[in-house]
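J.: Sequence first, predicted coordinates after that:
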Amino acid sequence: MARRKKLNDRSGRHDPAYLRAKRENFAARAIYKLEEIDKKYRLFRRGNRVIDLGCWPGSWMQYAAEKVGDEGYIYGLDLREVALALPSWVETDVADVYAWNPIETFGEDFARFNVVMSDMAPQTTGDRHSDVYRSEELCRRAFEIGRTVLRPGGKIVVKVFQGGGFRELLRELQLTYQEAKPFHARNTRSGSTEQYLIGRGLKASALLKPQPPPPSELAPSEATTIE
Ligand SMILES: C[S@@+](CC[C@H](N)C(=O)[O-])C[C@H]1O[C@@H](n2cnc3c(N)ncnc32)[C@H](O)[C@@H]1O
């Protein structure tokens, strides 16, 4: 009987997609998964505003930057600093997605975005149950950010390790977007349970209002003093 690989199995890292990405000067083999998704779901248009959650080392931003062109804008964030040279319409930050607040980055009345993409993955431990749970939590947080920063009609693509919460996550996407689909990329490593959830056409009724950070997080000069 075929054995399932652990989520942190590093065998086969230097597979053909890895070598191709190196040859073509992309930061990671993950580029080919986004390309596959984009070919099927037409994620990007020129001039689009895009947020990339978990953007390090940067191959998704390389792909999206080309697609949106210099009239577009890409903002990527990750726990790790991106060292890659990227076009001037791409900005990156070091941040934890759970602590990140769009108002702190873009101001109160920022222009809403066209696409949110998340390839975030937890640091895997080999304990499948806890790895899946943490991946599902990251997926939920990406959904929440999508509803907070996307404009009505916006699109989202989010990676998740498939487990017990998968149907519920898909259901949540179906309730908030006109169209919601799971997608398994051909370029996924064998044995991986990774799936992408794709939402197109964010419903206006699902929009969340960005909330300012709590006063304790404001600089002392900005905080309201109670006499
Ligand atoms: C598979 S990599 C992303 C690869 C990227 N799409 C590319 O093409 O180069 C997953 C990333 O998710 C990031 N990540 C995991 N948890 C995060 C969190 N809480 N906040 C921000 N980024 C996180 C990791 O640091 C890691 O760099």
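T.: All right, it came through fine.
J.: Quick check: buried residues in whichever strand or helix holds Gln62?
T.: Using DSSP states H and E, Gln62 maps to helix 59-68. Going by neighbour count (16 or more other C-beta atoms under 10 Å), the buried part of helix 59-68 is Ser59, Trp60, Met61, Gln62, Tyr63, Ala64, Ala65, Lys67, Val68. Placement of C-beta: from N, CA and C, glycine included.
J.: correct me, but the last one touches Asn48?
T.: Read that as Val68. Yes - Val68 is within contact range of Asn48, at 4.5 Å (criterion: C-beta atoms under 8 Å).
J.: Neighbouring strands of whichever helix or strand comes after the helix holding Gln62 in the sheet, and parallel or not?
T.: Downstream of helix 59-68, the first helix or strand assigned by DSSP H and E is strand 73-78. Sheet pairing of strand 73-78 (DSSP bridges) gives strand 49-53 (parallel), strand 90-94 (parallel).
J.: Just name the most buried of those strands.
T.: Sort those by mean neighbour count, taking mean count of other C-beta atoms under 10 Å, and strand 49-53 sits at the top with a mean of 25.
J.: before we move on, back to that, tell me which residues are up against the helix holding Gln62.
T.: 21, 26-31, 34-35, 38, 43-50, 52, 55, 72, 74, 76, 82, 84, 86-87, 89-90, 92, 115, 117, 119 (C-beta atoms under 8 Å, 6 or more residues apart in numbering).
J.: which ones among the residues you listed are found in helices?
T.: Among the contacts of helix 59-68, the members falling in helices (DSSP state H) are Ala21, Ile31, Leu34, Glu35, Asp38.
J.: now, which of these sits nearest the ligand?
T.: Ile31 (6.0 Å; C-beta to the nearest ligand atom).
J.: could you measure the closest one against Met61, distance?
T.: Distance of Ile31 to Met61, computed by C-beta to C-beta, to the nearest Å: 10 Å.
J.: for the lengthiest helix in the chain, packing partners?
T.: Secondary structure of the chain per DSSP H: the longest helix is helix 128-149. For helix 128-149, the elements it packs on are strand 49-53, helix 102-106, strand 113-118, strand 150-161, helix 166-176, strand 194-202, judged by 3 or more C-beta pairs under 8 Å, 6 or more residues apart in numbering; DSSP states H and E.
J.: same thing but 7 Å
T.: Counting contacts by 3 or more C-beta pairs under 7 Å, 6 or more residues apart in numbering; DSSP states H and E, helix 128-149 packs against strand 49-53, strand 113-118, strand 150-161, helix 166-176.
J.: which parts of this protein sit against the ligand?
T.: Applying C-beta under 6 Å from any ligand atom, one finds that the chain approaches the ligand through 27-28, 30-31, 54-60, 77-80, 96-98, 119-122, 138.
J.: If you drop the residues flanking it in sequence, what lies closest to the residue in the chain positioned nearest to the ligand?
T.: Nearest residue of the chain to the ligand: Gly54, at 2.8 Å (C-beta to the nearest ligand atom). In space, and not counting its chain neighbours, Gly54 is closest to Met120: 3.2 Å by C-beta to C-beta, 6 or more residues apart in numbering.
J.: Phi and psi next, for that neighbour.
T.: phi -60, psi 140 (degrees, to the nearest 10).
J.: can you tell me which residues contact it?
T.: For Met120, the contact set (C-beta atoms under 7 Å, 6 or more residues apart in numbering) comprises Leu53, Gly54, Val97, Leu138, Ala142, Lys159.
J.: show me what contacts the nearest residue to the first one once chain neighbours are set aside?
T.: Take Leu53 and drop its neighbours on the chain: the residue closest to it by C-beta to C-beta, 6+ apart is Ser118, 3.9 Å away. Listed by C-beta under 7 Å, 6+ apart, the contact set of Ser118 reads Leu53, Gly54, Ala142, Val158, Lys159.
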